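> coords please:
(4 chains)
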2 protein chains.
Amino acid sequence: MNRATIRDVARKAKVSHQTVSRVINGHNSVTPETRERVADAIRELEYVPSQVARSLSSSRTHTLGMVTTDVSDHFFAEAVAGADAEARKHGFFLIIGSIEPGAEDDERTYLRLLLERRVEGLIIAVPRLRLADDDLLAGAATRLPTVVVASDIELPGADHVDIDNRRGGLEATSYLLAQGHRRIATITGPLDWPSARARLDGYRDALRGTATAEAQVVEPSLDWGLESGRRAAERLLAVAKRPTAIFAQSDLLALGAIAALRAHGLRVPDDVSIIGFDDIPVAEVFDPPLTTLRQPMREVGELAARLVADPHSGARRGKSTRRHVLRAPLVIRGSVAPLRIKSEAGAGRSARIVRASKG
Amino acid sequence: MNRATIRDVARKAKVSHQTVSRVINGHNSVTPETRERVADAIRELEYVPSQVARSLSSSRTHTLGMVTTDVSDHFFAEAVAGADAEARKHGFFLIIGSIEPGAEDDERTYLRLLLERRVEGLIIAVPRLRLADDDLLAGAATRLPTVVVASDIELPGADHVDIDNRRGGLEATSYLLAQGHRRIATITGPLDWPSARARLDGYRDALRGTATAEAQVVEPSLDWGLESGRRAAERLLAVAKRPTAIFAQSDLLALGAIAALRAHGLRVPDDVSIIGFDDIPVAEVFDPPLTTLRQPMREVGELAARLVADPHSGARRGKSTRRHVLRAPLVIRGSVAPLRIKSEAGAGRSARIVRASKG
DNA sequence: TCGGTCTATGTTACCGGTCACATCACGCCA
DNA sequence: TGGCGTGATGTGACCGGTAACATAGACCGA
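Numbers count the residues shown, from 1 in each chain, chains lettered A, B, ... in the order given. Got it, this is the predicted structure:
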């Protein structure tokens, strides 16, 4: 038994298929009586209109496409959830092509799938996009509203939405400086991520402004994860001049680093201060509660979807590229302490001096 | 400038549109020369075939639909990622209707949207489904392959995939018993979640088998989150007979509880042992590393998609409901210690006795 | 040499809606 | 009373593919 069509309903209600269409779409010029008859037929036949046919004839799919890094990454999942909700508000359906780590070749495949499905807008949330110079993407960006998220690729016709990573890196480091720290290390993310580079730039900006500060950059080989943080911290500990504070570019890196420091008998924040980046859900309940910068990924997703879905708010094809940057606010908790000089007596003083020189 | 159609390509290549169709679909009986000419035309016109038109005429959408609880929940995101990957392996595209907390009325809307888009299979991953008795869902389940995930609703014609929560609850509690604990509390999830009820059943199963054991059930009012865990632990501490071990039904509840215990000067696991459920990414790096049961949500998603996408592996409409249950293995880390009797001397003995009585 | 089979290609209908336009009945006003 | 605007409904084409069948050579064996 196949699904009923609009003509089946029409026959049953003894009207034309067009009248049925009018009822479905809530058109005004239909007699209440007719409307009722049609509604009955729809109910009896369990008729569900075909969006497929509708899309073909109206050439509107009410669908937005999003190509994203693996959604099992919490932050991209947040962005997806935000975009999804916002898209729906504008009457769009979001369909997602999620790229698994290691399957980066799929980027093109998924993009193509989305285009074949005639999405009416495109959100590209793949930080290390291989498609940057791809014709398919370039063509898409000129055809439909396109927003690039968390990536610095140049895509004519596309808007960009991103976290202000550089400023975030600057603020994280400045905060450590303000707490009196001078020997401040950073554990970066993988430097092929634009966000990692931007945070590193911010870190350097901050240190540049402070003559006495010493930089120490550790780049983890692999990813943003715990294990990388742990290993990076191990490397820091092997150095003669141990830092008094660490800016870890992700919360997981921070947590991994804390674990490694603990394993070496160091206390956080008493011996070493740590600041993260992300504000993952457990950051708050960790011991110590992690001081970090909150990445508003949900808002990023929402903004991206709004730009794509709402023709009035930008991302119109052909328009020049606009950059929307969202700030990552500092969340102060317990993993950063003022610098303590060796003798207990000097503990508070150092911090006070810093504050004085700042204000 | 509108997208080129198959007939535009045909005109340019001086063949019929059918021949173009043949080339696109890799049909064999086309001269290499013709194929080449068509391919050139496709390239020049930047032709991308319309999946919409294709679906309409072939009545195949190659699309699976998934209705899920908010994907910003890590575990559902995992399930979605698994289902997505598996669906793709079978040549399907997964489209998702994610229900935001508080917008449960959307369940029906999204289900309907999926049906309008003529999905060829359905994955329902909403633990507390309001649609349980809905005609729309019932009709869908008889029409297309349907799998219900992590829910105990009865849906004729649908397969079920779930974690073995009861066994998980049993094993968590048994492990605490095996460590010598007798006063064991549980912090449940919200009891309108089937998984929470099943874990509670498992907990009771375990205690029933041990005459000397004492149960203590705390149900958090709201959710599975940190704050609920914290509050639940507070309530436990207010009781005269303090438990020596706690089975928290989620890792976040566990972490929240640990935070509360610490705030009261209690050490984990020295004063109170805690076991969680989930194995979230940070469980491993927490201090102490959390002993917990790993929920293989990715596998759940994969299995669900496989059942729906592969007609040979079940979920055929009309067939009787099958139940597939995945085990949640125990992951032993550092948040559970053997029961210590007040006097330090007795510490190890208690645990030894238990082990002996068990083997 | 001729019908039969196979290959390459073309022709036409069809999928299930929407769109543009046609039609018809009715009421109103000059 | 006739013309016209308007509301309710119907008709046929069309969206861009696929499916089924038709056709025209080429090859092949009897």
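> got the contact list for the nearest residue to A:Leu222 once chain neighbours are set aside?
Distances taken as C-beta to C-beta, 6 or more residues apart in numbering or on different chains put A:Ser228 closest to A:Leu222, at 5.3 Å, once the chain neighbours are dropped. C-beta: built from backbone N, CA, C; applies to glycine. Listed by C-beta atoms under 8 Å, 6 or more residues apart in numbering or on different chains, the contact set of A:Ser228 reads A:Ile187, A:Pro220, A:Ser221, A:Leu222, A:Leu252, A:Leu253, A:Gly256.
> wait, the last one touches B:Phe286, no?
No - judged on C-beta atoms under 8 Å, A:Gly256 makes no contact with B:Phe286 at a distance of 11.6 Å.
> tell me which of these two has more neighbours.
A:Gly256 (28 against 25; other C-beta atoms under 10 Å in any protein chain shown).
> secondary structure class for the more buried one?
Going by DSSP: H, G, I helix; E, B strand; the rest coil, the secondary structure assigned to A:Gly256 is helix.
> and A:Met66, by the same measure?
State at A:Met66, reduced to three classes by three-state DSSP: strand.
> list the contacts of it.
A:Val80, A:Ala83, A:Leu94, A:Ile95, A:Ile96, A:Gly97, A:Leu122, A:Ile123, A:Ile124, A:Ala125.
> same thing but 7 Å
Contacts here follow C-beta atoms under 7 Å, 6 or more residues apart in numbering or on different chains; on that basis A:Met66 touches A:Val80, A:Ala83, A:Leu94, A:Ile96, A:Ile123, A:Ala125.
> isn't the second one right up against A:Leu303?
Yep, that's A:Ala83 we're talking about. No - when contacts are counted by C-beta atoms under 7 Å, A:Ala83 is not listed as touching A:Leu303 (8.8 Å).
> neighbour count for those two, which is higher?
The neighbour comparison of A:Ala83 against A:Leu303 (other C-beta under 10 Å) goes to A:Ala83, with 31 against 23.
> could you check the pLDDT of that one?
Among the per-residue scores, A:Ala83 holds a pLDDT of 95.
> just A:Phe277 next, same as before
The predicted local confidence for A:Phe277 comes out at a pLDDT of 97.
> for A:Gly180, same thing?
Confidence for A:Gly180, expressed as pLDDT, is 95.
> measure it to A:Leu266 for me?
18 Å (C-beta to C-beta, to the nearest Å).
> more neighbours: which of those two?
Residue environment comparison for A:Gly180 versus A:Leu266 gives the larger neighbour count to A:Gly180, 24 against 15, counting by other C-beta under 10 Å.
> now the helices for chain A?
Remark: helices of chain A, listed N- to C-terminal, are A:6-13, A:17-24, A:32-45, A:51-58, A:74-89, A:106-116, A:135-143, A:165-178, A:194-208, A:226-238, A:251-263, A:297-309, A:347-358; assignment by DSSP state H.
> sketch out the low-pLDDT regions of chain A for me.
A:1-2, A:221, A:311-320, A:341-359 (pLDDT under 70).
> close to DNA strand D: what parts of it are there?
With C-beta under 7 Å from any atom of the strand as the criterion, chain A comes near DNA strand D at residues A:14-19, A:22, A:28-31, A:33-34, A:53, A:56-57, A:59.
> redo that, cut-off 10 Å
Proximity of chain A to DNA strand D, by C-beta under 10 Å from any atom of the strand, involves residues A:6-7, A:10, A:13-23, A:27-35, A:37-38, A:52-59, A:116, A:118.
> buried members of those residues into PyMOL, please.
The buried subset of the residues of chain A next to DNA strand D, as determined by 16 or more other C-beta atoms under 10 Å in any protein chain shown, is captured in PyMOL by this line:
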select buried, chain A and resi 6+10+13+15+19+20+21+22+23+30+34+35+37+38+52+53+54+55+56+118
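> among the residues of chain A next to DNA strand D, which ones lie close to DNA strand C?
A:6-7, A:10, A:16-23, A:27, A:29, A:52-59.
> in contact with A:Thr212, which residues?
Residues touching A:Thr212, when contacts are defined by C-beta under 7 Å, 6+ apart, comprise A:Arg182.
> and if you look at A:Arg22?
The contact partners of A:Arg22, taken as C-beta under 7 Å, 6+ apart, are A:Val30.
> and it, how close does it get to B:Ile153?
As defined by C-beta to C-beta, A:Arg22 lies at a distance of 37 Å from B:Ile153.
> try A:Ala259
If you go by C-beta to C-beta, the gap between A:Ala259 and B:Ile153 works out to 42 Å.
> I'd say A:Gly225 and A:Leu252 touch.
Yes - with contacts counted by C-beta under 7 Å, A:Gly225 reaches A:Leu252, the gap being 5.2 Å.
> quick one, which of those two is more surrounded?
For A:Gly225 and A:Leu252, the more surrounded residue by other C-beta under 10 Å is A:Leu252, and the numbers stand at 28 against 17.
> check contacts around that one.
With the criterion set at C-beta under 7 Å, 6+ apart, A:Leu252 makes contact with A:Trp224, A:Gly225, A:Leu226, A:Gly229.
> give the buried subset of these as a PyMOL selection command.
Selection of buried members from those for PyMOL, criterion 16+ other C-beta under 10 Å:
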select buried, chain A and resi 224+225+226+229
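> now the contacts of A:Leu252 in JSON lines, with distance to A:Ala198?
Conversion of those to JSON lines gives the following (distance: C-beta to C-beta, whole Å):
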{"residue": "A:Trp224", "distance to A:Ala198": "14"}
{"residue": "A:Gly225", "distance to A:Ala198": "20"}
{"residue": "A:Leu226", "distance to A:Ala198": "22"}
{"residue": "A:Gly229", "distance to A:Ala198": "19"}
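> give me the subset of the contacts of A:Leu252 touching chain B.
A:Leu226 (C-beta under 7 Å from any C-beta of the partner chain).
> which of the contacts of A:Leu252 lies at the shortest distance from A:Val147?
Proximity of the contacts of A:Leu252 to A:Val147 was ranked by C-beta to C-beta; the top entry is A:Trp224 with 23.1 Å.
> tell me the spacing between the closest one and A:Ser195.
Shown here: A:Trp224 relative to A:Ser195, a distance of 9 Å by C-beta to C-beta.
> joint contacts of these two?
A shared contact of A:Trp224 and A:Ser195, defined by C-beta under 7 Å, 6+ apart, is any residue touching both; here these are A:Gly189.
> can you give me the end-to-end span of stretch A:20-36?
Taking C-alpha to C-alpha, to the nearest Å, the span from the opening residue of stretch A:20-36 to its closing residue is 11 Å.
> contacts only, for A:Ala206.
Counting by C-beta under 7 Å, 6+ apart, the residues that A:Ala206 touches are A:Leu170, A:Thr173, A:Ser174, A:Leu177.
> run the last query once more with 8 Å
With contacts defined as C-beta under 8 Å, 6+ apart, the neighbours of A:Ala206 are A:Gly169, A:Leu170, A:Thr173, A:Ser174, A:Leu177, A:Ala213.
> quick one: residues contacting A:Arg60.
When contacts are counted by C-beta under 8 Å, 6+ apart, A:Arg60 touches A:Arg54, A:Glu120.
> over to the one 3 residues further on?
A:Thr63 makes contacts with A:Phe92, A:Phe93, A:Leu94, A:Ile95, A:Arg117, A:Arg118, A:Val119, A:Glu120, as judged by C-beta under 8 Å, 6+ apart.
> wait, doesn't the first one sit right on A:Ile123?
No - shown here, A:Phe92 and A:Ile123 do not form a contact pair, counting by C-beta under 8 Å, at 10.9 Å.
> more neighbours: which of those two?
Comparing A:Phe92 with A:Ile123 by other C-beta under 10 Å, the one with more neighbours is A:Ile123, at 32 against 22.
> now that one: how far from B:Ser58?
Summarising the geometry, the distance separating A:Ile123 from B:Ser58, computed by C-beta to C-beta, is 29 Å.
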